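[1] Sequence plus predicted model, see below.
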Amino acid sequence: MNFRAKQLAVAVISLFFLGSLLTVGYIESERLLPKKKAKAVVTNKNLSCVKCHAEKSPAIVTQWRESLHATLGVGCMDCHEAKKGEPDAWEHEESLISIIPTPKDCARCHETQAKEFAASAHASAAENVALLDTFRGEAAGGTPVAIGGCQKCHGNTVKVLKGGPLGSKTGTLDPATWPNAGVGRINPDGSKGSCAVCHARHKFATAQARQSESCGKCHIGPEHPQLEIYGESKHGLLVRAQIGEMNFGSSEWVAGKDYSAAPTCATCHMSATKSLPVTHDVGRRIARGLRPIVSKKFENWERKRKDMMSACNACHGPEYTKSFFVQSDGTLDRYNEKFAGPAEKIMEALKQEGKITPALFDEKIEWAFFDLWHHEGRSARKIAGHFKYRFLSEAEKLSPGISERFAKDR
Ligand code: HEC
Ligand code: HEC
Ligand code: HEC
Ligand code: HEC
Ligand code: HEC
Ligand code: HEC
Ligand code: HEC
Ligand code: HEC
């Protein structure tokens, strides 16, 4: 090799090394530096909304700018646009809009999620208490009490005013009925529910909905203490201890693949597993209702149980999971046999003997019975004492010997 050829070889090798260094440097900096944010796309029909609201309500526009929607060009009018003749159509700055984008509006682009949600108990949560809350909430303190009480979680019926504080002729919402963010709210367009109860506007980030606190806003308190129970469980404490490893912002979120620290409410009830897609029907994986007096297995309970177990099995062995359900079913069966079942029979017998009236809550024992399955029934340690000293002692007063007949083994 002559001198020239050597020089050329050295130059080529040096260039090659330099090239690889630059490539590695580029890849590493892409990996280590924070991701460049995709820019918000403001389409023509949204230009005036974005411009003016950036001044009038800047936080709303900032939240929207930071959303996935904004980067894909989904803007204000894609959700807020109304058609002439819709009950809540509002003429606003030369556009026809509605203040509430409902599940119907989201369904234009998210049909599956909207369908599953509509089929779930969540969507009917306002309907289910409509009768009850007229008699408990509204009778006790008027509509504001009902809105602040039951309807805050369950939802209400939103009504439209003609004219009003926003100064328009149509489309103004009755302040006695809105804002409301109950999960089964009945909207002016007749659709049920609100997607924003879990997906806070205007980011609509899945990262937020996956966190247990999104559910705990309603699933809390003595009648449905899921957040408290979860919070003190090993699952809850592990999520808190390793919150930085939960990868909440991942586009896919499958336990065992995208994170493995511990599950949140969404993991077990909604999120995808290795074998199941995301579901917006929170009842899909519930095999056994815990709400009735005597807890029963639902139709197709085996399939539902299998679906739930597919979430557990990402992190636990199949025998562990199966045995867990043997234990939990055993506890429920025992509670039914020993307490709920006999109590239900005693109440029925007292009614037949004419010892209690058909009207609810006019006798002391009806309160003791209610507490047995409703409050104390959710806290196993207290049940036995409550059953014996509050419920049976009351039943004996009304019909001596009745405990012997129905609750021998207590
Ligand atoms: C020139 C400014 C301006 C433009 C353009 C504008 N808005 Fe507004 N918007 C307001 C103001 C101010 C209010 C407060 C109520 C009022 O005075 O009418 C409001 C109220 C609203 C509300 C009612 C919420 C509430 O609680 O008061 C919604 C929803 C809304 N705008 C959405 C939009 C959408 C969607 C567009 C685009 C078609 C838009 N706005 C265009 C200024 C504007
Ligand atoms: C992905 C759908 C979606 C997009 C995009 C969207 N909104 Fe909304 N917006 C909603 C929902 C849902 C609500 C909640 C209404 C309710 O249930 O009370 C809402 C409520 C509002 C309200 C009234 C409630 C409040 O918090 O004051 C205003 C004002 C508003 N949006 C303005 C805008 C503006 C301006 C834009 C564009 C920058 C925009 N929205 C984009 C869905 C959307
Ligand atoms: C014009 C179409 C359109 C409308 C209307 C729309 N979206 Fe979206 N949305 C999209 C697209 C496209 C994506 C990105 C792909 C996907 O996840 O489906 C998206 C993504 C999302 C995500 C995932 C965001 C993330 O962080 O991963 C949520 C949650 C969401 N939308 C909720 C809603 C809700 C709630 C409404 C109604 C208030 C709504 N969308 C209305 C088009 C729309
Ligand atoms: C903090 C939120 C919250 C409030 C306030 C609230 N609920 Fe509930 N309610 C729930 C949740 C969550 C469930 C589901 C409980 C479960 O499955 O364990 C529920 C379940 C119910 C059920 C059972 C539905 C069924 O199909 O078995 C009834 C009935 C009910 N609530 C009535 C009421 C009434 C009446 C009020 C007002 C006095 C009220 N709730 C206030 C959150 C709430
Ligand atoms: C009970 C809470 C809850 C309600 C109500 C809810 N979502 Fe979701 N949604 C979630 C959770 C949790 C996820 C994240 C699932 C996962 O882990 O990927 C999600 C994910 C999504 C996504 C991302 C794509 C996907 O399916 O994973 C879209 C789009 C979406 N929701 C739209 C909607 C729409 C539209 C509505 C109303 C019809 C709605 N959501 C109501 C909790 C909810
Ligand atoms: C705005 C309040 C609210 C939020 C937020 C909420 N829920 Fe609920 N949830 C309810 C109410 C009310 C019910 C009872 C509905 C009924 O049967 O009338 C319920 C019922 C349920 C049920 C029983 C379903 C069935 O078919 O029996 C499950 C499971 C559930 N919710 C899980 C969740 C999860 C998981 C989240 C969060 C991702 C969540 N919920 C967020 C209010 C809420
Ligand atoms: C490790 C998985 C897991 C986690 C995490 C979890 N759950 Fe559950 N949940 C279950 C199982 C299992 C049942 C009982 C279902 C059965 O027996 O079929 C249940 C039952 C329920 C029920 C009762 C439904 C009824 O019919 O009474 C509600 C409501 C509920 N969960 C909400 C929540 C909420 C809210 C959170 C978070 C605070 C949560 N769950 C966290 C697995 C989980
Ligand atoms: C994302 C992973 C993950 C999922 C999904 C999951 N778990 Fe766990 N679970 C864990 C971890 C981690 C622990 C802590 C193990 C330890 O104690 O060392 C745990 C602990 C437990 C414990 C023991 C609690 C204690 O106090 O020792 C039980 C019981 C349990 N899980 C049941 C379930 C059931 C049932 C399901 C499905 C309905 C489930 N888990 C889903 C990760 C998970």
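    Structure received. Residues are numbered from 1 along each chain as shown. Ligands and ions are numbered 1, 2, ... in the order given.
[2] make it CA atoms for all contacts and neighbour counts henceforth
    Noted.
[3] Show me what the mean pLDDT comes to for stretch 256-270.
    Per-residue pLDDT values over stretch 256-270 give a mean of 97.
[4] Kindly apply the preceding question to stretch 150-158 instead.
    Regarding stretch 150-158, the rounded mean pLDDT is 93.
[5] got the end-to-end distance for that stretch?
    Across its full length, stretch 150-158 reaches 15 Å end to end, with Cα to Cα, to the nearest Å as the criterion.
[6] what do you get for stretch 304-318?
    Counting by Cα to Cα, the length from the leading to the trailing residue of stretch 304-318 is 16 Å.
[7] Indicate whether that stretch makes contact with ligand 6.
    No. Using Cα under 6 Å from any ligand atom, stretch 304-318 never reaches ligand 6; the gap is at least 11.0 Å.
[8] can you pull the buried residues of that stretch?
    When neighbours are counted by 16 or more other Cα atoms under 10 Å, the buried residues of stretch 304-318 are found to be 304-305, 307-314.
[9] Which ones among these lie within helices?
    Members of these lying in helices (criterion: DSSP state H): 304-305, 307-312.
[10] And the strands in the stretch 1-150 of the chain?
    For the stretch 1-150 of the chain, applying DSSP state E, counting those that start in this stretch gives strands covering 90-92, 95-97.
[11] Export these as JSON lines, with columns for mean neighbour count.
    Output for those, formatted as JSON lines (neighbours: other Cα atoms under 10 Å):
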{"stretch": "strand 90-92", "mean neighbour count": "19"}
{"stretch": "strand 95-97", "mean neighbour count": "19"}
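[12] For the helix or strand hosting residue 351, give the mean pLDDT please.
    Under the assignment given by DSSP states H and E, the secondary-structure element containing residue 351 is helix 341-352. With pLDDT averaged residue by residue, helix 341-352 scores 94.
[13] From residue 218, how far out is the residue of the stretch 51-200 of the chain found nearest ligand 4?
    In the stretch 51-200 of the chain, the residue that lies nearest ligand 4 is residue 150 (3.4 Å; Cα to the nearest ligand atom). According to Cα to Cα, residue 150 stands 10 Å off from residue 218.
[14] Please apply the same query to residue 246.
    Taken as Cα to Cα, the spacing of residue 246 relative to residue 218 amounts to 23 Å.
[15] And for residue 298?
    Relative to residue 218, residue 298 is positioned 24 Å away (criterion: Cα to Cα).
[16] Same check on residue 349?
    With the distance defined as Cα to Cα, residue 349 ends up 36 Å from residue 218.
[17] Tell me how many other residues crowd residue 386.
    Residue 386 sits with 19 neighbouring residues when counted by other Cα atoms under 10 Å.
[18] Apologies, that question was intended for residue 321.
    Around residue 321 sit 17 other residues, with neighbours defined as other Cα under 10 Å.
[19] Contacts only, for it.
    Neighbour list for residue 321: 309, 312-313 [criterion: Cα atoms under 8 Å, 6 or more residues apart in numbering].
[20] what do you get for residue 226?
    Residue 226 touches 216, 219-220, counting by Cα under 8 Å, 6+ apart.
[21] of the residues you listed, list those near ligand 7.
    The subset of these within reach of ligand 7, by Cα under 6 Å from any ligand atom, is 216, 219.
[22] Now the closest residue to ligand 3 within the stretch 151-300 of the chain: closest residue in space, sequence neighbours ignored.
    Nearest to ligand 3 in the stretch 151-300 of the chain, going by Cα to the nearest ligand atom, is residue 205, at a distance of 3.5 Å. Among residues not flanking residue 205 along the chain, residue 199 sits closest, at 6.3 Å (Cα to Cα, 6 or more residues apart in numbering).
[23] Surely that neighbour and residue 210 touch.
    No. Using Cα atoms under 8 Å, residue 199 is not in contact with residue 210, being 9.5 Å away.
[24] quick one: which of these two has more around it?
    When neighbours are counted by other Cα under 10 Å, residue 210 comes out ahead of the other of residue 199 and residue 210, with 23 against 17.
[25] In contact with that one, which residues?
    Listed by Cα under 8 Å, 6+ apart, the contact set of residue 210 reads 248, 264-267.
[26] From ligand 2, how far off is it?
    Plainly put, residue 210 is 18 Å away from ligand 2 if you go by Cα to the nearest ligand atom, to the nearest Å.
[27] What of residue 262?
    Distance, residue 262 to ligand 2, using Cα to the nearest ligand atom: 30 Å.
[28] Over to residue 400?
    Relative to ligand 2, residue 400 is positioned 55 Å away (criterion: Cα to the nearest ligand atom).
[29] Tell me, how many residues neighbour that residue?
    Number of residues near residue 400 (other Cα under 10 Å) recorded here: 11.
[30] secondary structure class for it?
    Per DSSP: H, G, I helix; E, B strand; the rest coil, the local secondary structure of residue 400 is coil.
[31] coming back round to it: looking at residue 246 and residue 218, which has the bigger crowd around it?
    With neighbours defined as other Cα under 10 Å, residue 246 and residue 218 compare such that residue 246 has more, 22 against 18.
[32] Okay then, goodbye and thanks.
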